[in-house]
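A.B. asks: Sequence plus the predicted model coming up.
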Amino acid sequence: MASYPTRYSALALLRKGATRSDWPRAWRHHDLRSSYDVVIVGGGLHGLATAYYLARNHDITSVAVLEKAYIGGGGSGRNTAIVRSNYLTPEGSAFYDRSVRLYEGLTEDLNFNIMFEQRGHMTLAHSDASLRTMRWRAEVNKLGGIDSEVIDPAGVKELAPAIDVSDRPRYPILGALWHPPGGIVRHDAVVWGYARGADVAGAHIHQVTEVTGIDVADGRVTGVQTSRGAVAAPVVINCTAGWSTLIADMAGVKLPITTRPLQAAVTVPVQPFLVPVIVSGTLHVYVSQTARGELVFGASVDPFSSYSSRGSLGFTEGLAGHVLELMPGISKMRLLRQWAGLCDMTPDFGPIIGPTPVAGFYVDVGWGTYGFKAGPVAGEQVAAMVANGTVPRLIASFGLERFEQGRLTAEKGAAAVGH
Amino acid sequence: MLVIVCPHCGPRNSNEFTFLGERSTRPAVAATTPAEWRHYLYFKNNAAGEEDERWFHVSGCRRFLDVERDTLTNEIRSVRDVGEAAR
Ligand SMILES: Cc1cc2nc3c(=O)[nH]c(=O)nc-3n(C[C@H](O)[C@H](O)[C@H](O)COP(=O)(O)OP(=O)(O)OC[C@H]3O[C@@H](n4cnc5c(N)ncnc54)[C@H](O)[C@@H]3O)c2cc1C
Ligand SMILES: [Zn+2]
């Protein structure tokens, strides 16, 4: 049996190759204990990152991550991996800026190559109205120290020659919001890296363990019921994205969330020709080219709520038409796959992070179509909130109470399509 | 694509319709508190299973429809014109 954990390095690779010995599992299997200090429901990026930071930053290691299927099987394994911080509100952009900075150091921190490529993120403007919002976003971003600027069509052409910037009456490209630190990441690696990190630090990851009930006594959470038995815990954190209202209902907590499928598609791989991530909010489409050469396409959420993650031909047709509007040159490319994931949509396109009316029951949900990029910062802040018992300033405006108090955030303009 | 059998137009692709969301009861507008009103606006059941919802046949008869749908399978159980439902 190989020693655990093995640090990943070129030397380790060489040694394993030479001796032909097995790599140990990246995270271990444990028996389910009857109690933990913290139970996290949902083994996506948010649950795993929270477990990691609870252990690493706060020495809280009696932690169980309960996942009904396999880790990263939800949105965290289905997203299009766009990372950026050029949001519209000061609180939004400060929050996502922290996440970009955590991503920048994550490969080192987790000893796992997450392949964060800061290729730049470009949002195209097809109308005077969107140019105006982009100018606004750029100014908000600059005040927060975030690299973000408006560029003209010549600038678009220079950064992405495949884009058709010719003058035309329908969907002309008038300019773009250019955000150099944005980019794409290897999403599975982020999930696996956090899982391994959390496991090494002492947290237990339990796959195929479905939470079926939440125990509440005198307004306080006392534990959960699972498909493998009861688990007592004074703290339960709901990190179940598209399924989050079902979990909250078990504790008698209502969330302002509806579940919508979001679809994506990928082409066969081709030679590299597209460096930045390209988004068009008006055309409801975005595209990036992965390190493997595939073009990854995404759009806005499906037009009706659902828990079914079946793809539709209507989506593919719309997508192809819109992509060709931007890049007529790729009309002969073939789609390889399409898929869907469930998104937990809030009325204001902002997340819901914080305590609930049930003491000890926290939520980290409402991640909609944009929550992958937020995984590191949300995990860090939720861990701090649970450890210290107070809500950190960086997430103070994302509490559940804002919906009853009428203090909604205003991120729709920067979050609806450009996840 | 999801096919909705409109009582007026017959089976049609769902992209002819606009989904208006889950049906819920509007509180009495003159008597409601701001908190109640916001609850009505923002908080839905989001059921995984049977849902009563409203659709609008925008590219067809332009009638409002009450639809019962299973949100786990997208199977549609019934479609009725709102006028007919109220009767
Ligand atoms: C097609 C697509 C493209 C996207 N593109 C982007 C993007 O480019 N950039 C970006 O930032 N975001 C993007 N997103 C959004 C992002 O994927 C999500 O916001 C994010 O992954 C949410 O992570 P999570 O850990 O909160 O939830 P998830 O990864 O969904 O994990 C929730 C987990 O909870 C588990 N669970 C549910 N019920 C139970 C239960 N009863 N008991 C135990 N476990 C349970 C599920 O099995 C699941 O694994 C995209 C999403 C999709 C679908
Ligand atoms: Zn009709």
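C.D. replies: Yep, it's here. Everything quoted here is computed from the prediction, not taken from an experiment. Numbers count the residues shown, from 1 in each chain, chains lettered A, B, ... in the order given. Ligands and ions are numbered 1, 2, ... in the order given.
A.B. asks: Centre-most residue in chain B?
C.D. replies: residue B:54 (1.4 Å; C-alpha atoms, centre = their mean).
A.B. asks: oh sorry, the question was meant for chain A
C.D. replies: residue A:372 (0.8 Å).
A.B. asks: Disregarding flanking residues, what is the spatial nearest neighbour of that one?
C.D. replies: With C-beta to C-beta, 6 or more residues apart in numbering or on different chains as the criterion, residue A:372 has its nearest non-adjacent residue at 4.5 Å, and that residue is residue A:79. No exception for glycine: its C-beta is placed from N, CA and C like everyone else's.
A.B. asks: and the one you found, helix, strand or coil?
C.D. replies: Here residue A:79 is recorded as coil under DSSP: H, G, I helix; E, B strand; the rest coil.
A.B. asks: Residue A:193 reaches residue A:115, doesn't it?
C.D. replies: No - using C-beta atoms under 8 Å, residue A:193 is not in contact with residue A:115, being 10.4 Å away.
A.B. asks: Please tell me how far the residue nearest to the residue nearest to the centre of chain B when sequence neighbours are not counted sits from ligand 2.
C.D. replies: Nearest residue to residue B:54, sequence neighbours excluded (C-beta to C-beta, 6+ apart): residue B:20, at 4.3 Å. Counting by C-beta to the ion, to the nearest Å, the separation of residue B:20 from ligand 2 is 14 Å.
A.B. asks: Would you check how far apart residue B:20 and residue A:123 are?
C.D. replies: 29 Å (C-beta to C-beta, to the nearest Å).
A.B. asks: which one of those two has more residues nearby?
C.D. replies: Taking other C-beta atoms under 10 Å in any protein chain shown, residue B:20 and residue A:123 do not tie; residue A:123 has more neighbours (27 against 14).
A.B. asks: Tell me the secondary structure at that one.
C.D. replies: Under three-state DSSP, residue A:123 comes out as strand.
A.B. asks: so it bridges to which residues?
C.D. replies: Bridge pairing for residue A:123 (DSSP bridges) gives the partners residue A:177, residue A:279.
A.B. asks: so what's it scoring on pLDDT?
C.D. replies: You'll see residue A:123 listed with a pLDDT of 96.
A.B. asks: thinking again about what came up before, the residue nearest to residue B:54: what's it in contact with?
C.D. replies: Applying C-beta atoms under 8 Å, 6 or more residues apart in numbering or on different chains, we find residue B:20 in contact with B:53, B:54, B:55, B:56, B:64.
A.B. asks: What average pLDDT does the helix or strand residue A:92 falls within get?
C.D. replies: Here residue A:92 is covered by helix A:90-110, with elements defined by DSSP states H and E. Mean pLDDT, helix A:90-110: 95.
A.B. asks: So that helix, near ligand 1 or not?
C.D. replies: No - on the criterion C-beta under 6 Å from any ligand atom, helix A:90-110 is out of touch with ligand 1, staying 8.9 Å away.
A.B. asks: in that helix, what's buried?
C.D. replies: Residues of helix A:90-110 classed as buried by neighbour count (16 or more other C-beta atoms under 10 Å in any protein chain shown): A:91-100, A:102-103, A:106-107, A:109-110.
A.B. asks: Then stretch A:140-159?
C.D. replies: Here stretch A:140-159 shows A:140-141, A:144, A:146-151, A:153, A:155-157, A:159 as buried, counting by 16+ other C-beta under 10 Å.
A.B. asks: Which of those fall in strands?
C.D. replies: Those of these mapping onto strands are A:149, A:150, A:151, per DSSP state E.
A.B. asks: Residue B:25 versus the second one, what's the distance?
C.D. replies: What that stands for is residue A:150. Distance, residue A:150 to residue B:25, by C-beta to C-beta: 46 Å.
A.B. asks: The longest helix along chain B: how far from the chain's middle?
C.D. replies: Secondary structure of chain B read by DSSP state H shows that its longest helix is helix B:34-42. Its chain's C-alpha centre and that of helix B:34-42 lie 19 Å apart, by C-alpha atoms, centre = their mean, to the nearest Å.
A.B. asks: counting contacts, what elements does that helix pack onto?
C.D. replies: helix A:402-405 (3 or more C-beta pairs under 8 Å, 6 or more residues apart in numbering or on different chains; DSSP states H and E).
A.B. asks: Please save the CA atoms from the helix it packs on in CSV.
C.D. replies: Provided in CSV are the C-alpha atoms of helix A:402-405 (Å, rounded to 0.1, in the frame of the first residue of the first chain):
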residue,chain,number,x,y,z
ARG,A,402,-32.7,40.6,1.8
PHE,A,403,-35.7,39.1,0.0
GLU,A,404,-38.1,39.9,2.9
GLN,A,405,-36.4,43.3,3.5
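A.B. asks: Show me where the stretch 51-200 of chain A has its helices.
C.D. replies: For the stretch 51-200 of chain A, the helices defined by DSSP state H, counting those that start in this stretch cover A:90-110, A:128-143, A:153-159, A:187-201.
A.B. asks: Can you give me the neighbour number for residue 12?
C.D. replies: The chain I'm using is chain A. A count of nearby residues for residue A:12, using other C-beta under 10 Å, gives 12.
A.B. asks: sorry, should have said chain B
C.D. replies: 19.
A.B. asks: Could I get the buried residue list for stretch A:161-174?
C.D. replies: Across stretch A:161-174, burial judged by 16+ other C-beta under 10 Å covers A:162, A:163, A:164, A:165, A:171, A:173, A:174.
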